[in-house]
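Enquirer: From the sequence below, what's the structure:
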Amino acid sequence: MKLLLADKFEESGISGLRRLGCEVIYEPDLKDAALTERLRSSGADVLVVRSTKVTEAMLDAGRLSLIVRAGAGVNTIDVAAASRRGIYVSNCPGKNSVAVAELAIGLMLALDRRIPDNVAGLRLGVWNKKEFSKAQGLYGRTLGLLGFGNIGREVALRARGFGMPIVVWSRRLALDAAARRLLAQEAGIEVADTPEVVAARADVLSIHLALTKETRGFVNADLLRHVKPGAMIINTARAEVMDDTALAAAIADKKLRVGLDVFANEPSGAEGSIADPILALPNVIGTHHIGASTDQAQEAIAAEAVRIVGTYMATGKVPNVVNLATKTPATHMLVVRHHDKPGVLAYVFERLRDANLNVQETENIIFDGAHAAIARINLDGEPPAATMSTLQSGNADILSLQLVTL
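Expert: Presented below is the predicted three-dimensional model:
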């Protein structure tokens with residue numbers, strides 16, 4: 001299997017892929033038109049990327065069957081275009097959660113103790129202990145989490161060590177009363193009914209929402225209206241979940257302290273320049289979108305990418321796939337008990353085609369001894385009585401039929 005690595009990747013991962021028997025093409029600086037052309041010329045079966053954008057044109061240029069995002073999100077990949085072409089898209093969720101959580105806690109400490117300003121003053125030869133002794137401390141301060149996936153849970157685990165009460169909101173927990181009770185009982189974490197409740201309660205509001213159509217601009221003026229004056233806001237998720245105009249207004253109005261790892265107009269490469277107005281505001285600190293960039297996280301992600309490719313090569317199945325249908329248009333399941341002989345299922349599929357029925361999913365289970373099998377065939381409609389009759393009587397190796405309404 002030929003694999004194109006179009007982003008920086010750990011040497012342990014490259015070695016692991018080669019041990020699988022992959023032909024690895026490692027060109028970490030490819031992007032845009034150069035990546036499109038390389039996909040065309042290489043004939044790669046698998047593409048592995050980190051932050052590089054994968055467009056529909058790239059998918060048309062190559063012969064990919066799998067794209068692996070060496071990270072958690074897949075917003076840089078045209079997943080819909082991949083789905084239309086039958087290309088698997090997979091990711092490595094949870095493998096960088098600890099790294100991002102550590103940075104979120106670090107930003108909280110940096111804001112509270114004004115660590116960047118301390119360092120800047122010392123480098124200028126200025127000693128101002130009186131000024132920099134002013135800090136509230138994190139102990140006893142309420143941490144509000146918007147989003148409670150892998151990263152949110154890791155942040156909560158560390159915040160408890162600082163003695164911070166925790167209140168969270170997530171779309172999933174809002175709909176799962178049992179999970180809410182369990183979280184309260186086992187971890188002492190309160191689950192709020194709405195994000196506005198979390199914003200109002202939090203001394204520190206940390207954002208851990210995945211970027212979706214619903215979460216774009218989620219932290220807006222309406223939500224920020226509920227935030228306490230002087231509160232901290234941390235965003236190590238995605239820049240797009242934050243309304244920067246509303247945030248700037250809230251910083252001025254409520255003297256908010258803000259720590260950001262993501263920015264709306266950050267450079268696409270590892271180096272460049274940035275001119276984001278939010279960085280010029282008082283009490284705002286930032287890092288260079290480095291939340292997942294620890295050695296530990298990168299090694300874990302590389303190992304997971306190797307596991308995904310290895311499983312795909314060995315079984316044809318893809319771990320962590322994000323673009324398979326959770327529900328197909330199937331309305332009926334045809335169960336065919338048959339002799340395990342060549343041509344039986346071909347006969348069934350031909351008759352279904354004659355009836356203009358589309359097979360959505362199929363599974364063929366073999367009994368011990370390989371003399372008989374049961375095929376379960378999900379269809380997008382009900383087979384006519386004539387088709388059922390033809391199937392039952394037209395092939396002696398079909399032992400029985402059952403039609404189930406889904």
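Enquirer: ok, R201 - how many residues close by?
Expert: 19 (other C-beta atoms under 10 Å). Placement of C-beta: from N, CA and C, glycine included.
Enquirer: in which helix or strand would I find the spatially closest residue to it that is not a sequence neighbour?
Expert: Once its chain neighbours are removed from consideration, R201 has its nearest residue in V167; the separation is 5.1 Å (C-beta to C-beta, 6 or more residues apart in numbering). Of the helices and strands defined by DSSP states H and E, V167 is found in strand 166-169.
Enquirer: which helices and strands does the lowest-mean-pLDDT helix or strand in the chain pack with?
Expert: Among the helical and strand segments of the chain, the one scoring lowest on mean pLDDT, DSSP states H and E is helix 177-187, with a mean of 80. Judged by 3 or more C-beta pairs under 8 Å, 6 or more residues apart in numbering; DSSP states H and E, helix 177-187 is in contact with helix 171-174, strand 190-191.
Enquirer: hmm, who's touching the shortest one?
Expert: Strand 190-191 is touched from outside by P165, I166, V167, V168, W169, L173, A174, R180, L183, A184, with contacts defined as C-beta atoms under 8 Å, 6 or more residues apart in numbering.
Enquirer: just curious, which of those residues is nearest to A292?
Expert: V168 (21.4 Å; C-beta to C-beta).
Enquirer: For I151, see how far away the closest residue to that closest one other than its chain neighbours is.
Expert: Of all residues not flanking V168 in the chain, L145 sits nearest, at 4.3 Å (C-beta to C-beta, 6+ apart). With distances defined as C-beta to C-beta, to the nearest Å, the gap from L145 to I151 amounts to 9 Å.
Enquirer: What's the mean pLDDT across the longest helix seen in the chain?
Expert: Within the chain, and with DSSP state H defining each element, the longest helix by residue count is helix 295-315. Rounded to a whole number, the mean pLDDT of helix 295-315 is 96.
Enquirer: now do stretch 362-376
Expert: In the prediction, stretch 362-376 has an average pLDDT of 95.
Enquirer: What of stretch 130-149?
Expert: Stretch 130-149 comes out at a mean pLDDT of 95.
Enquirer: Pull out the buried residues from it.
Expert: Neighbour-count burial for stretch 130-149, with 16 or more other C-beta atoms under 10 Å as criterion, is recorded at L138, R141, T142, L143, G144, L145, L146, G147, F148, G149.
Enquirer: distance between it and the chain's centre?
Expert: Averaging C-alpha coordinates over stretch 130-149 and over its chain gives two centres that are 27 Å apart (C-alpha atoms, centre = their mean, to the nearest Å).
Enquirer: what's the answer for stretch 372-391, then?
Expert: The chain centre lies 38 Å from the centre of stretch 372-391; the measure is C-alpha atoms, centre = their mean.
Enquirer: likewise stretch 101-116?
Expert: Put simply, stretch 101-116 sits 25 Å off its chain's centre (C-alpha atoms, centre = their mean).
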